[in-house]
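[1] Following is a predicted model, sequence given first.
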Amino acid sequence: MKSSSLESIRTGRALVVALVGATVLSLACTGQIGDPQNSLCTDCPPGTGGPGAGGGQGGPGGTSNAGGTQVGGANGGGTSSGGTNSGGAAPLGVAPSTRLPRLSHTQWENTVKDLLRLDAVPGLSTGFPPDPTTQFDTDVEQKGVSNLHWAAYQTAAEEVAQQVAQDPQKLAKILPPGLPGGGIERARAFVQGFGRRAFRRPLTEAEIGGYAALFEKGVELVGGDPLAAGVQLALHAFLQSPAFLYRVEASTKASGDRVWLGGFEVASRLSYALWNSMPSDELLDAAEAGELADAAGVEKWARALLKDGRATAVLTSFHNQLFETAGYGKVTKSSSLFPEFTKDLEPLLKQEARLFFEEVVAKQQGGLREVLTSPVTFVNDKLAPFYGLPAGVGPEFKKVELDPKQRAGVMTQVGFLSKNGGLVQSDPIHRGVTINLKILCEKLTAPNMIPPLPEQKPGQTNRERVAAHTEGCGKGCHDTKINPIGFAFEHFDTVGAWRSTDNGQPVDAKASMKIDGEVKSFDGAPGLMNVLASSAQVHRCYSRNWMEYALGRQPGEVERGWVEQLAESSRSGAAATEILVKLAVSDVFRARPVEGGAP
């Protein structure tokens, strides 16, 4: 960018800030965010009128009543109150969540790419302040905007606006069709067309007028071609507006104990849950046409979105974060005992996991059972030796079927096993703890002052060493929850290679544990994986994790019924994509509760 052009843009920051500030004020009270009948603050005059073209707030498919009974129509669109449904079953309520979820850094990158029709993400979020560490990066409760965020968003908006507006080919991709040749009509047409995509709902007349006036200042503040200059200044403002950075949910019209989200709000929830990016033009058109006003319409569009490649990335990202694959290859091993386990394995182990999830969950349309039990993996010449495979695989990854008597699912792959392994020995404790936390959703409390494991004695197996050490240190938790799971993996050494002996003694990988109220016995990791894949608790945990990922928050106690419904489907063999469809049509996805006695 020419320094003079950059300085010209910066001199216009006051206008941009004023325009953005107007949006902030509208968020605070007037609520003119896309549906003029909606208001964000409880002390502003409530909106009037019924559902409009934007998707409305009626109670589709049924109504809600105070007893918590599920009352649904044929499309499964029924609602329920925060109580329990009839018969004392788990509650089918809806827990509160923020109405202003901020885009994550990944969502910002994806959204800018799709909004500006770029070939790749801009990569500018590397300059943003890091977000708090949470289980999933989609968490919305911990994300705010500090002064550092504001400055970073402003800088990124300036840079990407200049790059797009001053490149004729990139500029042409974002111009609305039938754009007038000049004047205020052209400014309004661009703002109205582009603004609907940027804010993910139609702009108000006040917003159109404000952004069009800024567009017209382009030649004065930027110089050069009037169209490019106007677009550059408008993009600069759009990309730092709260209506872009936040997914605003402004609906307030209540039906019983539910506030049903408007069509554009549902469209954003769908696209960010299934694509981690903004709605497509077609999805916005569907929202405007009222197609997302009931469960049947939402289901139709959820299934359509799941056929897109962006959904594959979401399926992979969820499982990568759940199994913490970012840590694969980072745990140091003894170079004298395992010289083949080098730092260059780190990206290969991550790629193996990604290819596995793409194959099993996306291509084969598998679910949790397949993730836990499939003997399929992907290897190249660097990884093949760890699986005991013959040489000659080559540098490219190839799909292979491993011995199902030895390997089953992602947790018998080298990445997981080596991440949960020590310097020289396998680590049953960390393997057991990880599965308790991630797969069983158990609440574990670490004892104070944990002593380190003693050196392994001659002729003593690692299992014997761990069992003796934990006999007096957290015995109850270790004996019933941690050790049985960890011992099932003792056929794998610290780098994930198969072994039949340990320290000269036969490996003992038999164990038993209480799960779903029954004691289950298993021999080795494949046996354990089959037990876990059949467990109601495991599928309940998997469903809770999907709800947390898609909603950006942990499920509330009043939502246990929805968790149970998803878990039943998962346990019955439903694909991960089917779990997402069922979640999308549920009340927890399409509505929020009436809070504090008023929406």
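    Now that the structure is in, tell me what you want to look at.

[2] what bits of this structure have low per-residue confidence?
    Applying pLDDT under 70 to the chain picks out residues 1-88, 449, 472-477, 596-599.

[3] Now with 50, please.
    Across the chain, the ranges flagged by pLDDT under 50 are 1, 9, 28-87, 597-599.

[4] quick one, domains of it?
    The domain map for the chain lists 3-20+99-245, 313-533, with the assignment taken from automatic domain parsing.

[5] Now the terminal residues of the last one, how far apart.
    Chord length of domain 313-533, first to last residue, is 24 Å (C-alpha to C-alpha, to the nearest Å).

[6] ok now it, how far from the chain's centre?
    In terms of C-alpha atoms, centre = their mean, to the nearest Å, the centre of domain 313-533 is set 24 Å apart from its chain centre.

[7] Repeat that for the first one.
    In terms of C-alpha atoms, centre = their mean, the centre of domain 3-20+99-245 is set 24 Å apart from its chain centre.

[8] one step back: of all the domains of the chain, which one is nearest Val259?
    Among the domains of the chain, domain 3-20+99-245 comes nearest to Val259, with 9.5 Å by C-beta to C-beta. From N, CA and C alone the C-beta is placed, and that goes for glycine too.

[9] next SSE after the longest helix anywhere in the chain?
    Secondary structure of the chain read by DSSP state H shows that its longest helix is helix 147-165. The element immediately downstream of helix 147-165 (helix or strand, assigned by DSSP states H and E) is helix 168-174.

[10] which helices and strands sit right next to that following helix?
    Under the contact criterion of 3 or more C-beta pairs under 8 Å, 6 or more residues apart in numbering; DSSP states H and E, helix 168-174 touches helix 147-165, helix 226-238.

[11] Now the element after it, going C-ward?
    Read in the C-terminal direction, the helix or strand following helix 168-174 is helix 183-199, with elements assigned using DSSP H and E.

[12] For that next one, buried residues please.
    The neighbour-count check on helix 183-199 (16 or more other C-beta atoms under 10 Å) flags 186-199 as buried.

[13] ditto for stretch 363-376
    Buried residues in stretch 363-376, defined by neighbour count with 16+ other C-beta under 10 Å: Gly366, Gly367, Leu368, Arg369, Glu370, Val371, Leu372, Thr373, Ser374, Pro375, Val376.

[14] Can you name the residues in contact with it?
    With contacts defined as C-beta atoms under 8 Å, 6 or more residues apart in numbering, stretch 363-376 is touched by 319, 356-357, 359-361, 399-404, 407-411, 439, 526, 529-530, 532-533, 538-539, 542, 570, 573-579.

[15] ends of it, how far apart?
    The first-to-last residue distance of stretch 363-376 comes to 13 Å (C-alpha to C-alpha).

[16] Likewise for stretch 436-453?
    End-to-end distance of stretch 436-453: 21 Å, with C-alpha to C-alpha as the criterion.

[17] which residues are contacting it?
    Stretch 436-453 is contacted from outside by 322-324, 372, 433, 465-466, 469, 473-474, 477, 481-482, 485, 515, 532, 535, 537-538, 540-542, 544-545, using C-beta under 8 Å, 6+ apart.

[18] Run through the bridge partners of Arg102.
    Beta-bridge partners of Arg102, counted by DSSP bridges, are Tyr246.

[19] related to what we said a few turns ago, pull out the buried residues from the contacts of stretch 436-453.
    For the contacts of stretch 436-453, a burial check counting by 16+ other C-beta under 10 Å picks out 322-324, 372, 433, 465-466, 469, 474, 477, 481-482, 485, 515, 532, 535, 537-538, 540-542, 544-545.

[20] Let me see the ranges of the strands in the stretch 401-550 of the chain.
    Listed from the start of the chain, the stretch 401-550 of the chain has strands (DSSP state E, counting those that start in this stretch) covering 501-502, 505-506, 510-515, 518-523.

[21] The third one to strand 518-523, inter-axis angle?
    Taking axes from the mean of the first three to the mean of the last three C-alpha atoms, to 10 degrees, one finds strand 510-515 and strand 518-523 inclined to each other by 160 degrees.

[22] strand partners of strand 510-515, parallel vs antiparallel please.
    Partners of strand 510-515 in the sheet, by DSSP bridges, are strand 518-523 (antiparallel).

[23] Quick check: which of the helices and strands packed on helix 168-174 has the most neighbours on average?
    Neighbour counts (mean count of other C-beta atoms under 10 Å) averaged over each of the helices and strands packed on helix 168-174 peak at helix 226-238, with a mean of 24.

[24] and that helix, what does it pack onto?
    helix 3-11, helix 13-25, helix 147-165, helix 168-174, helix 183-199, helix 205-216, helix 218-221.

[25] Dump those into TSV; add distance to Ala384 as well.
    Output for the helices and strands packed on helix 226-238, formatted as TSV (distance: least, C-beta to C-beta, whole Å):
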stretch	distance to Ala384
helix 3-11	52
helix 13-25	55
helix 147-165	43
helix 168-174	44
helix 183-199	47
helix 205-216	57
helix 218-221	58
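
[26] Of all the ones you listed, which one is nearest Gly504?
    Closest of the helices and strands packed on helix 226-238 to Gly504 is helix 147-165, at 57.4 Å (criterion: C-beta to C-beta).

[27] CA atoms of the closest one as PDB?
    As requested, C-alpha coordinates have been extracted for helix 147-165 and formatted as PDB (Å, rounded to 0.1, in the frame of the first residue of the first chain):
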ATOM      1  CA  ASN A 147      -8.500  -2.400  23.400                       C
ATOM      2  CA  LEU A 148      -5.800  -4.700  21.900                       C
ATOM      3  CA  HIS A 149      -8.500  -6.600  20.000                       C
ATOM      4  CA  TRP A 150     -10.000  -3.300  18.700                       C
ATOM      5  CA  ALA A 151      -6.700  -2.100  17.400                       C
ATOM      6  CA  ALA A 152      -5.900  -5.400  15.800                       C
ATOM      7  CA  TYR A 153      -9.300  -5.600  14.100                       C
ATOM      8  CA  GLN A 154      -8.900  -2.000  12.800                       C
ATOM      9  CA  THR A 155      -5.500  -2.800  11.300                       C
ATOM     10  CA  ALA A 156      -6.600  -6.000   9.700                       C
ATOM     11  CA  ALA A 157      -9.700  -4.300   8.300                       C
ATOM     12  CA  GLU A 158      -7.600  -1.500   6.700                       C
ATOM     13  CA  GLU A 159      -5.100  -4.100   5.200                       C
ATOM     14  CA  VAL A 160      -7.600  -6.400   3.700                       C
ATOM     15  CA  ALA A 161      -9.900  -3.600   2.500                       C
ATOM     16  CA  GLN A 162      -7.000  -2.100   0.500                       C
ATOM     17  CA  GLN A 163      -5.900  -5.500  -0.900                       C
ATOM     18  CA  VAL A 164      -9.300  -6.200  -2.200                       C
ATOM     19  CA  ALA A 165     -10.500  -2.800  -3.400                       C
END
